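Trainee: sequence first, predicted coordinates after that:
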Amino acid sequence: MAGILFIISAPSGAGKSTLVNQLRSLVSGLEFSVSWTTRGPRGSEQDSREYHFTTREHFEEMIRNGEFLEYADVFGNYYGTARCNLREAFSQGRDLLLDIDVQGASQVRAKMPDSVSIFLMPPSPDVLATRLRNRSRAEGAVQEEIIERRLAKARQEIENYREYGYILVNDVLDRAVEEMAAIVAAERIWHGSDPGAGGADRERVLRIAESCRQANSEARVRPVLQAFGVPVPSLKG
C-alpha cells in the first residue's frame, strides 16, 4: 500500500527543524525526505543528514534532468526535493515527510492533491526575531538586515496559510510536537493504513487532529495574523 505524503512548511526560524526531529523520534514508519540545497551548512549540520549540500551547477543539472519533485530559489539559494525519495518510501509502504517552503509546497500539492499539508506559525514577530537572532549568533554573527528580510518573508509566507489543511502555532514546542504526532496518527486512521494508530488514546488523537484543521483553528491563528499585520478573516458566527 502506498504511503501518505506529509508536507510541513514554516517561515525560517519558526522551529520547524526542531519539531520535525522530535516527531521523527516519536513516530515510526515515517521517512524524512532530505532535501538538496546550494547553501552552505550551518552550525553542526552534516551533509545527507539535514540536507544534501551541493553546488549551484550540479543542482541546475538535476533540474535539467527532471530529478526534482519540486524546487525553489529562496534568498539566492536553491532548495529541492528529489523524486526518488518519494518513490523509495512509497514502494516500501512507508509515509514520507517533506520539510519544504511555501513555493515548494504549492508545486507538490498541484502534483499530489492527496498530500497532507501542515503550516507551522511562530507566535509573533518578536518571538521569531529572537529565534532568528539566536540562530545567527550561534552561527557567528547577527546581521539585522537579514533578520528584517526574513521577518518580511515570514509575513508573506503566513499570508498563504489558507492553502494548508492543518495549522500549528509553535508557542509551546511540546504541544506542537503532540499536535503534529496526532495529525500523523489521525491521517493513518482515516487512510486505513494503520487503523490502530493512537492506540488507547485514539479518541484523544482524533480530537487533537481535528482541532488543528484550518477550518477549526481560526481563533488560535487570529492573534498571530494580527501580530504580523496579515488581514484577519471574520470568525464564523
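Mentor: Sure, I can see it.
Trainee: what's the top helix by length along the chain in contact with?
Mentor: Longest helix in the chain by number of residues (criterion: DSSP state H): helix 173-191. For helix 173-191, the surrounding residues in contact (CB atoms under 8 Å, 6 or more residues apart in numbering) are 4, 6, 8, 15, 18-19, 22-23, 26-27, 30, 95, 116, 118, 120, 166, 168-170, 194-195, 197-198, 202, 204-206, 208-212. Yep, even glycine has a C-beta here, placed from its N, CA and C like the rest.
Trainee: what is the burial count for residue 203?
Mentor: 9 (other CB atoms under 10 Å).
Trainee: helix or strand: which one has it?
Mentor: helix 202-212 (DSSP states H and E).
Trainee: dump that helix to PDB, restricted to CA.
Mentor: C-alpha atoms of helix 202-212 as PDB (Å, rounded to 0.1, in the frame of the first residue of the first chain):
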ATOM      1  CA  ARG A 202      -7.400   7.100  19.700                       C
ATOM      2  CA  GLU A 203     -10.200   9.400  20.500                       C
ATOM      3  CA  ARG A 204      -7.900  12.000  22.000                       C
ATOM      4  CA  VAL A 205      -5.600  11.800  19.000                       C
ATOM      5  CA  LEU A 206      -8.600  12.300  16.600                       C
ATOM      6  CA  ARG A 207      -9.800  15.200  18.700                       C
ATOM      7  CA  ILE A 208      -6.400  17.000  18.700                       C
ATOM      8  CA  ALA A 209      -6.000  16.500  14.900                       C
ATOM      9  CA  GLU A 210      -9.500  17.900  14.200                       C
ATOM     10  CA  SER A 211      -8.700  21.000  16.400                       C
ATOM     11  CA  CYS A 212      -5.700  21.700  14.200                       C
END
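Trainee: counting only strands, which of the contacts of helix 173-191 make the cut?
Mentor: Here DSSP state E is the test, and the contacts of helix 173-191 give 6, 8, 30, 95, 116, 118, 120, 166, 168, 169 as lying in strands.
Trainee: in those, find the pair that's most separated.
Mentor: With CB to CB as the measure, no two of the ones in strands among the contacts of helix 173-191 lie farther apart than 95 and 169, at 23.6 Å.
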